[in-house]
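K.L.:
could you work out the structure for the sequence below:
(2 chains)
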Amino acid sequence: MIKVEHLVKDFGGAAAVDDLSFDVGAGEIFAFLGPNGAGKTTTIKMLTTLLKPTSGTIEIDGLDPSRQANETRKRFGIVFQDPSLDAELTAFENMDLHGVLYGVARKVRHERTEMLLKLFELWDRRDNYVKEFSGGMKRRLEIARGFLHTPKILFLDEPTLGLDPQSRNQLWTHVKDLNASEGVTVFLTTHYMDEAERVADRIAVIDHGKIIAQGSPDELKQQTSTDSLEAAFLALTGSSVREEKAASSDQMRQIAKMWRK
Amino acid sequence: MNAIYILWLRELKRYTRSRAMIIASLGQPLLYLLVLGFGLGPVFQKAGNGSYLQFVAPGVIGMSVLFTSIFSGIGLLWDRQFGFLKETLVAPVPRVTVMIGKTLGGATVATIQGAIVLAICLIAGFRPVSWAFLPMTFVFMIMTAIVFAGLGIAIGSRLQDMQGFQLIMNFIVMPIYFLSGALFPLAGLPTALHYLTRIDPLSYGIDALRNILIGTSEFTLTLSLGVLVVSALIFVAFGSYSFSKIEL
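P.N.:
As a prediction, the model looks like this:
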């Protein structure tokens, strides 16, 4: 369903993604784990047509996103890491706008909006402006919106960031249900190892833009001779904090963009 | 079509829900109308040019249309900052569709804003030569608004953050306004200024409004409409191209 070969994304000399190759099979739940600034979000942006790769190839359901962007976009849904709601619209209006953009028929749109807002306990607040919502409510609405149309592939970029355990549980239960009932392929990133272990069929660990290990959670533990996924992750990526690196690569990107203008 | 409609509707909803923005955006046109209209009125009259309020009102309406439309396009920057741009960029609709929805939304809002300023001008004492031709002003307000909403989107697509905003204001928006003949007649200008005013699309929008509202003009209505249509095509195409190249 997703095939990536020798993918590179270079921002002004700094490679955020460096010769990445992997496959995700149809109906698989694939977790992409890595420290901050490892290249997870940059990879997702290239897979979802928001960024053009410097080199390498991507295939999404047999399509090339850089040449068949619009057709590719019809195949996937995405929950972003950062907010992407219109705060001046109500929860219902945000859902409706998304449904129209994704060509969901009016009746289905309204039925699914009601079902999803009830599932994520936002139905009673459907007519409230998003700017009046708490951080957790906004996150739940982002997730509900991502599920409105039923795509072939679902990209979840750190979807549970800022969610309470109850909402996290609801989300992953729904993802598993969707995967089982509709065969939706899921590509997710998360910093919560327990979540990755709970839902993912296969995990790839990325660091400094390269995949350094991949396999099932048990295989990763075996490879690193550890007894938990978190210990395996730390064994593979080290225990130093990466915040500085992430910030500087982000700055490099901004500088590169300015020069391109 | 549904995507264009929903994005157009979004612009309208955002506008009607922000009363503070509506009131704030009327401040500058009101200042120009009242301070310049009444302040320079006696000088203008002494020079034998009639009422300055009558002369400047179409310019102030044009100013309101210009500022609202161009800033609605530059509003893309807010969508970028607050994340909504991502939602539209990954949607399975051609980016030109998104751009058209946003342009038409911005143009509609700018036309409404122009109509409000026209109503204020009437309250302030401005009188059109013929009430029957008043609806024709909307054609030129819409066309002017489309031109500058397209330009605004082209600019907004290339801006990465708010730091470039003041640059755009000082080097693009204000020159467009001051070179349009909004505040002075286009006839008898020094050569350089003469040519500069002729390449400013807003000159044709304001001149057409002046033609319809007070019966004096430098260009024919056909020429003004032609220039605005061609400018709209160029700027919307430029805006579409810039929008299609956005990477996040």
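
K.L.:
what helix or strand is the residue most central in space within chain B on?
P.N.:
Central residue of chain B (C-alpha atoms, centre = their mean): residue B:66, 1.9 Å from the mean position. Secondary-structure assignment from DSSP states H and E places residue B:66 in helix B:52-74.

K.L.:
what residues does chain B have near chain A?
P.N.:
Taking C-beta under 8 Å from any C-beta of the partner chain as the criterion, chain B approaches chain A at residues B:2-3, B:5-7, B:10, B:13-14, B:17-18, B:82-94, B:158, B:160, B:247-248. In short, each C-beta sits where N, CA and C put it, glycine included.

K.L.:
mind checking which of those residues are buried?
P.N.:
Among those, those classed as buried by 16 or more other C-beta atoms under 10 Å in any protein chain shown are B:3, B:6-7, B:10, B:13-14, B:82-93, B:158.

K.L.:
picking that back up, just the ones of the residues of chain B next to chain A in helices?
P.N.:
Of the residues of chain B next to chain A, the ones assigned to helices by DSSP state H are B:2-3, B:5-7, B:10, B:13-14, B:17, B:82, B:84-89, B:158.

K.L.:
list of residues touching the least confident helix or strand in chain B by mean pLDDT?
P.N.:
Within chain B, no helix or strand scores below helix B:41-46, which has a mean of 76 by mean pLDDT, DSSP states H and E. Residues from elsewhere that reach helix B:41-46 (C-beta atoms under 8 Å, 6 or more residues apart in numbering or on different chains): B:50-53, B:55.

K.L.:
again with stretch A:217-232
P.N.:
With contact meaning C-beta under 8 Å, 6+ apart, stretch A:217-232 is reached by A:193-194, A:196-197, A:200, A:203, A:205, A:213-215, A:233, A:235-236.

K.L.:
who wins for neighbours among those residues?
P.N.:
residue A:205 (26 neighbours; other C-beta atoms under 10 Å in any protein chain shown).

K.L.:
list the contacts of it.
P.N.:
With contact taken as C-beta under 8 Å, 6+ apart, residue A:205 is in contact with A:33-34, A:211-214, A:220, A:233, A:236-237.

K.L.:
same thing but at 10 Å, please
P.N.:
Shown in contact with residue A:205 (C-beta atoms under 10 Å, 6 or more residues apart in numbering or on different chains): A:31-35, A:38, A:196, A:211-215, A:220, A:223-224, A:229, A:232-233, A:235-237.

K.L.:
so which of the residues you listed sit within strands?
P.N.:
Applying DSSP state E to those, the entries found in strands are A:31-33, A:211-215.

K.L.:
and which of these is nearest to residue B:62?
P.N.:
Distances from residue B:62 to these, taken as C-beta to C-beta, are shortest for residue A:32 (52.7 Å).

K.L.:
for that closest one, which non-adjacent residue is closest in space?
P.N.:
residue A:189 (4.7 Å; C-beta to C-beta, 6 or more residues apart in numbering or on different chains).

K.L.:
from residue B:183, how far out is the spatially closest residue to residue B:50 that is not a sequence neighbour?
P.N.:
Counting by C-beta to C-beta, 6+ apart, the nearest residue to residue B:50 once its immediate chain neighbours are dropped is residue B:44, at 7.4 Å. For residue B:44, the distance to residue B:183 (C-beta to C-beta, to the nearest Å) stands at 10 Å.

K.L.:
ok, residue B:87 next?
P.N.:
For residue B:87 relative to residue B:183 (C-beta to C-beta), the value is 41 Å.

K.L.:
need the contact list for residue A:92.
P.N.:
Neighbours of residue A:92 in contact, by C-beta under 10 Å, 6+ apart: A:110, A:113-114, A:117, A:122-123, A:125-128, A:141.

K.L.:
among those, the buried ones, what's the ChimeraX command?
P.N.:
A single ChimeraX command selects the buried members of those (16+ other C-beta under 10 Å):
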select /A:113,117,122,123,125,126,141
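
K.L.:
tell me the angle of the host helix or strand of residue A:44 relative to strand A:210-215?
P.N.:
For residue A:44, the element it lies in under DSSP H and E is helix A:40-47. Helix A:40-47 runs at 90 degrees relative to strand A:210-215, counting by axes from the mean of the first three to the mean of the last three C-alpha atoms, to 10 degrees.

K.L.:
now which of the contacts of helix B:41-46 would you call buried?
P.N.:
For the contacts of helix B:41-46, buried by 16+ other C-beta under 10 Å: B:51-53, B:55.

K.L.:
just to revisit the earlier point, list the buried residues of the least confident helix or strand of chain B.
P.N.:
Under 16+ other C-beta under 10 Å, the buried positions of helix B:41-46 are B:41, B:44.

K.L.:
over to stretch A:133-140?
P.N.:
Buried-residue list, stretch A:133-140, by 16+ other C-beta under 10 Å: A:133, A:137-140.

K.L.:
now, which of those sits nearest chain B?
P.N.:
Closest approach to chain B among these (C-beta to the nearest C-beta): residue A:138, at 10.3 Å.
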